[in-house]
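J.: Turn this into a model:
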Amino acid sequence: MKAFKSWKSIFNVMPMGEGSLVKWTTEFEKQNDDVPDPVRYGEFLTTWTKNKLSMDQIKRMECQVQIKSSADKFFDAYKTKAHLMLKMADQAVRDVKLLNGSDWNSEGSVRQWYMIAGGKLISINM
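T.: Modelled structure (predicted):
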């Protein structure tokens with residue numbers, strides 16, 4: 001993440017039909033124009049749209065995915081039971097480890113996600 005001045009990931013989970021709709025939003029500011037956009041991160045979260053904001057280097061990526069789980073269950077799994085994401089997204093997520101923090105949901109905790117994006121195994125810390 002040294003290539004970025006700032007990085008913020010937000011997701012909203014809303015009930016929809018028998019499941020839920022997940023909206024992922026990532027805002028980032030690159031150190032300079034030579035830094036590539038984090039496309040692999042976007043591939044992991046499926047279909048992305050990219051909109052340039054008013055500041056030159058601040059960008060936003062969004063993705064919406066319909067899931068079969070309730071919003072509460074999905075949020076709880078993402079926040080406190082990351083190991084369940086391996087079951088929920090077994091075609092994309094291969095492993096997740098806690099790198100920093102006293103537990104999975106402590107403020108400032110950092111997780112390392114291993115996932116398949118573009119047919120390759122990649123790792124992302126967040």
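J.: Run a quick neighbour tally on the residue nearest to residue 14 when sequence neighbours are not counted.
T.: Take residue 14 and drop its neighbours on the chain: the residue closest to it by Cβ to Cβ, 6 or more residues apart in numbering is residue 21, 5.0 Å away. Backbone N, C-alpha and C define where each C-beta goes, glycine included. Neighbour count for residue 21, taken as other Cβ atoms under 10 Å: 15.
J.: same thing with residue 113?
T.: 20.
J.: ok, now residue 92?
T.: Neighbours around residue 92, by other Cβ under 10 Å: 16.
J.: ok, now residue 13?
T.: Using other Cβ under 10 Å, residue 13 is surrounded by 21 other residues.
J.: Can you pull out the low-pLDDT segments for this structure?
T.: 1, 39-64, 90, 118 (pLDDT under 70).
J.: now the strands for it?
T.: With DSSP state E, the ranges of strands along the chain come out as 4-16, 19-30, 49-52, 58-67, 93-100, 110-117, 120-125.
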